[in-house]
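Q: Provide a 3D model corresponding to the input given below.
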Amino acid sequence: MSNPFRAFGSAVRDLFDEILVLTVCNLIWALLCLPTWIFANFLLGEGQPLLAGVTLLAGILPTGPATAGLSYIAYRVVDGRAVKLNDYFEGMRRYARAGWIMAAIWLTGFVTIIFNLNFYGGGDSIFSVLMVVFWFYVLLFWLATLIYAPALGHLQEQPTVRMLARNTFLMVMGRPIYTLVTLVLMGVFFGLSLVLLIVPLMITFSFFAVWGARATKQLVDEARRRREEAAGTKAASSGVEERGRKGQVRPK
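A: Coordinates of the predicted model:
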């Protein structure tokens, strides 16, 4: 059975293995993306939900490539490859279009959910309460997709939006306890990191990218093992080679 705490522990080790590169990548991502989110939150607090939504959607331009680069770095780290800062910019260039599409879909959905929560939150009827509960669960699901979708975009040989959406949905709904525990742990870590504002700027988002990639890989590997067992196949022999962190070869 999948253990979400094992993915967390592996992500912590990955973070310390590549702390310098991941810290720089996190800082670049934060500088590109956080100003838009902070300004949108300010507008929402000022009672301007429409302008806040427009601001978030405008954030697609920097968020798409920046997140694509961060997820590419995280994928390489989890895959045991050597990483350098240039890999971040390579990921931004190579996956910019996919990043824009994913960011547009996710941010549009997020704005829609927040709008509905804000709209129904002002009502006192039972229907309004039920709708708030409904949209809150939709929000949890939508946040959970961030755990798997970026890594799946790299794990799939020929990713398409439809296939990525399908596989992300299956992972969220197929492993609800695993996903919920991971989401709660990420929420706790994010809340604690806000106590020291320097932490989100330095490691939080890189760590989440690595953590999500680890969680995704753990579930994918488990599903693969189950298919092999069901088909009566055996695991690869012990002589199969595996790449190490810096490109060295080690026995599997």
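
Q: roughly how far does the residue lying farthest from the centre of the chain sit from residue 132?
A: The C-alpha centroid of the chain is most remote from residue 125, which lies 35.6 Å away (C-alpha atoms, centre = their mean). Applying C-beta to C-beta, to the nearest Å, the value for residue 125 to residue 132 is 11 Å. Bear in mind the C-beta positions are built from the backbone N, C-alpha and C, glycine included.

Q: same check on residue 63?
A: Noted for residue 63: a distance of 27 Å to residue 132, by C-beta to C-beta.

Q: and these two? Which one has more around it.
A: residue 63 (24 against 18; other C-beta atoms under 10 Å).

Q: from what I see, the more buried one and residue 30 are in contact.
A: No - applying C-beta atoms under 8 Å, one finds residue 63 not in contact with residue 30, separated by 11.3 Å.

Q: regarding the chain, what is its longest helix?
A: Ranked by residue count, the top helix of the chain under DSSP state H comes out as helix 126-155.

Q: buried set for that helix?
A: 131-132, 135, 139-155 (16 or more other C-beta atoms under 10 Å).

Q: now the element after it, going C-ward?
A: Following helix 126-155 in sequence order, the next helix or strand is helix 161-174 (DSSP states H and E).

Q: pull the next helix-or-strand element following that following helix out as PDB, backbone CA atoms only.
A: Note on helix 161-174: by DSSP H and E, the next helix or strand toward the C-terminus is helix 176-193. Below are the C-alpha coordinates for helix 176-193, written out as PDB (Å, rounded to 0.1, in the frame of the first residue of the first chain):
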ATOM      1  CA  PRO A 176      -8.200   9.500  -2.300                       C
ATOM      2  CA  ILE A 177      -6.700   8.800   1.100                       C
ATOM      3  CA  TYR A 178      -3.100   9.100  -0.200                       C
ATOM      4  CA  THR A 179      -4.000  12.300  -2.000                       C
ATOM      5  CA  LEU A 180      -5.800  13.800   0.900                       C
ATOM      6  CA  VAL A 181      -3.000  13.100   3.300                       C
ATOM      7  CA  THR A 182      -0.400  14.500   0.900                       C
ATOM      8  CA  LEU A 183      -2.500  17.600   0.400                       C
ATOM      9  CA  VAL A 184      -2.900  18.100   4.100                       C
ATOM     10  CA  LEU A 185       0.800  17.700   4.700                       C
ATOM     11  CA  MET A 186       1.600  20.200   2.000                       C
ATOM     12  CA  GLY A 187      -0.900  22.600   3.500                       C
ATOM     13  CA  VAL A 188       0.700  22.300   6.900                       C
ATOM     14  CA  PHE A 189       4.100  22.800   5.500                       C
ATOM     15  CA  PHE A 190       3.000  25.800   3.500                       C
ATOM     16  CA  GLY A 191       1.300  27.300   6.600                       C
ATOM     17  CA  LEU A 192       4.500  26.800   8.600                       C
ATOM     18  CA  SER A 193       6.700  28.200   5.900                       C
END
